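1. structure for this input, please:
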Amino acid sequence: MLFLISLGAIAAVWWWLGTPVDLARAPIDPNDKLQCISYAPFRSRQTSLSPATQVSRDQIAEDLAQLAKITDCIRTYATDLGLDQIPELAAKAGLKVIQGIFLDKDRQKNLTQISTAIRLAKDYPGTIIALVVGNETLLRKDITASDLAATIRSVKAQVTVPVTYADVWEFWLSNRELYDAVDFVTVHILPYWENVPIPAESAAVHVDTIRRQMASAFPGKEIFIGEIGWPSEGRMRESALPSRVNQARVVSEILDLARRENFRVNLFEAYDESWKREIEGTVGGSWGLFDSVQRTLKYPPGIPISNFPFWKLQMCSGMALASLVFGVAWLTLRRKPREPRLASWFAIGISATTAGILFGVAAQKAFYESDGAGGWLVWGSLLLATTASPVFGANALMSGRPSASFLELLGPEGYRTESMLAIMHGLALIVTVVIGTETALGLVFDPRFIDFPFAPLTMAAVPFAAVTLLNPPEKGIRAVAESMFAGVFFVAAIYVGFNEGPANWQSLWTCGAYLLLAVTMWRARA
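-> Model prediction:
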């Protein structure tokens with residue numbers, strides 16, 4: 001009966017998770033092209049952080065041919081690394097270009113960027129429709145407002161196209177001297193990154209409020225929304241949740257608002273940029289409407305949108321894992337007949353159901369959140385360990401075997417256990433605790449780009465806690481190493497919970513998993 005209930009619960013939850021959403025307006029509509037979209041050509045491991053990167057003409061041309069089907073305009077951010085080829089290729093594809101000039105603290109590099117952009121504006125007057133002198137330069141504190149204004153005026157004197165500067169809206173309000181230097185005001189409004197994060201369902205209202213505020217502060221000049229978007233993957237910030245459905249919803253509602261209110265908007269961005277994960281975590285590389293590697297559209301028109309497009313496969317995988325957990329429990333009883341407590345069967349049912357529901361979530365998170373070989377090694381190891389946890393936990397619960405302490409696993413000869421099952425179960429615990437500790441410390445000391453590992457940690461924490469509570473060690477003293485880990489998890493759970501706020505359910509869920517691991521570690525005996 002427990003087995004059937006478990007499978008039914010897994011199927012019901014995944015049916016709910018996978019239910020697609022039909023939006024009133026598709027994010028991408030070939031019959032109603034986008035006004036403009038941000039474009040950076042970097043693919044796979046290409047990065048703008050390396051001066052050795054040189055993007056080929058063929059690569060850019062392939063992208064622009066694809067983008068020309070959905071938009072009339074692209075916005076670029078620099079002129080180096082092969083990006084100076086974009087205006088020529090955009091002209092052939094029938095696209096207009098808002099040409100960016102990247103400014104930072106390197107004055108010589110800035111001069112090269114400026115001279116190249118001026119040359120391009122003169123060479124392609126029918127393609128380049130504006131120059132953006134600097135992108136969030138004041139936000140990064142790379143240049144003073146007075147020097148920036150002087151640079152903008154210098155560029156304006158050398159070109160015939162409109163010239164502007166782009167930054168987060170707050171920096172326009174605190175540097176109003178730029179108003180006289182530009183032809184129009186380009187503001188970035190990214191609700192996810194606001195100091196007080198805005199949830200997806202309120203993003204369009206927030207954008208309209210800020211746009212009206214900027215129009216009031218800078219009368220007589222167009223307020224151009226230079227960046228607006230939403231990430232499809234990554235960690236929550238308070239109530240702002242990155243997801244496929246939320247990204248599609250925000251894009252759709254912003255485009256509808258721009259049409260109704262008749263203002264220009266540039267979507268951020270065309271393609272996911274994997275290289276940004278190195279500096280901004282999962283969320284940094286997940287703002288595109290196209291996938292980074294395959295260059296496939298995330299939201300084809302006419303197809304409902306789901307946060308879990310492969311939910312049927314994830315559901316079946318979870319049901320298979322739950323069946324394995326129950327199968328191990330049954331085989332354990334056959335090999336070592338005993339009368340298990342009803343609580344043990346309930347613990348197995350809860351562990352199997354939890355693992356069956358969360359396995360698909362954890363696998364999807366591992367796929368999107370693993371960056372590079374190191375990332376795949378860490379998250380792959382965690383997923384393997386947390387998948388093994390309920391399986392070995394079922395064996396321990398049915399056999400009455402307590403969890404092995406670290407001393408029994410790693411101590412000198414004479415202390416170590418000889419049970420292979422206990423060793424495998426213990427290794428899964430060690431991997432979970434070590435990686436869990438790494439994430440806990442990251443969320444305490446540098447949390448901005450750290451993802452919440454709520455799914456895999458819960459898969460592991462539930463069966464580990466069940467074994468510890470139902471099969472406590474018969475003797476021994478409190479284990480020092482385990483006690484230290486317990487303290488780390490407890491303190492991290494309290495701090496992270498308060499720091500992230502009550503609206504962040506990913507944080508609260510992760511903190512709950514940390515507390516379960518803390519209980520498991522605290523009750524260990526050596």
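
2. okay but residue 185 is in contact with residue 172, surely?
-> Yes: assessed by C-beta atoms under 8 Å, residue 185 is found in contact with residue 172 at 6.3 Å. Using the backbone N, CA and C atoms, a C-beta is placed for each residue, glycine as well.

3. what sits in contact with each of those two?
-> 179, 214, 218 (C-beta atoms under 8 Å, 6 or more residues apart in numbering).

4. now, which of those residues sits nearest residue 333?
-> Of all the shared contacts of residue 185 and residue 172, residue 214 has the smallest distance to residue 333: 68.9 Å, by C-beta to C-beta.

5. contact partners for the closest one?
-> Contacts of residue 214 by C-beta under 8 Å, 6+ apart are 169, 172, 173, 185, 187, 223.

6. redo that, cut-off 7 Å
-> Residues near residue 214 by C-beta atoms under 7 Å, 6 or more residues apart in numbering: 169, 172, 185, 187, 223.

7. what packs against the one helix or strand the fourth one maps to?
-> Meaning residue 187. Following DSSP states H and E, one finds residue 187 within strand 185-188. In this structure, strand 185-188 packs against strand 163-168, helix 169-173, strand 223-228, with contacts taken as 3 or more C-beta pairs under 7 Å, 6 or more residues apart in numbering; DSSP states H and E.

8. and the first one, what's buried?
-> Of the residues in strand 163-168, those buried by neighbour count under the rule 16 or more other C-beta atoms under 10 Å are 163, 164, 165, 166, 167, 168.

9. what residues are up against the fourth one?
-> It stands for residue 166. 132, 135, 136, 186, 188, 226.

10. likewise the second one?
-> Contacts of residue 164 were listed using C-beta under 7 Å, 6+ apart, and they are 130, 132, 182, 183, 184, 185, 186.

11. can you pull up the bridge partners for the last one?
-> Right, residue 186. residue 166, residue 224 (DSSP bridges).

12. so after the helix or strand hosting residue 260, what's the next helix or strand?
-> According to DSSP H and E, residue 260 maps onto helix 244-261. Sequence-wise, the next helix or strand downstream of helix 244-261 (DSSP H and E) is strand 265-267.

13. for that next one, name the packing helices and strands.
-> strand 37-38, strand 223-228, helix 244-261.

14. can you name the residues in contact with stretch 300-317?
-> Applying C-beta under 7 Å, 6+ apart, the contact partners of stretch 300-317 are 10-11, 14, 17-23, 26, 28-30, 243-245, 248, 299, 359-360, 363-364.

15. which of those residues count as buried?
-> By neighbour count, with 16+ other C-beta under 10 Å, the contacts of stretch 300-317 hold 10-11, 14, 17-18, 23, 26, 28, 243-245, 248, 299, 359-360, 363-364 as buried.

16. just those: which are in helices?
-> Judged by DSSP state H, the buried ones among the contacts of stretch 300-317 include 10, 11, 14, 17, 18, 244, 245, 248, 359, 360, 363, 364 as members of helices.

17. what residues are up against residue 460?
-> Applying C-beta under 7 Å, 6+ apart to residue 460 gives the contacts 385, 386, 389, 432.

18. just curious, which of those residues is nearest to residue 92?
-> residue 386 (50.8 Å).

19. what's around the closest one, how many residues?
-> Residues near residue 386, counting by other C-beta atoms under 10 Å, number 29.

20. just the pLDDT for it.
-> pLDDT, residue 386: 95.

21. chain center to the strand or helix carrying it: distance?
-> Assigned by DSSP H and E, residue 386 belongs to helix 372-399. The gap between where helix 372-399 is centred and where its chain is centred comes out at 22 Å by C-alpha atoms, centre = their mean, to the nearest Å.
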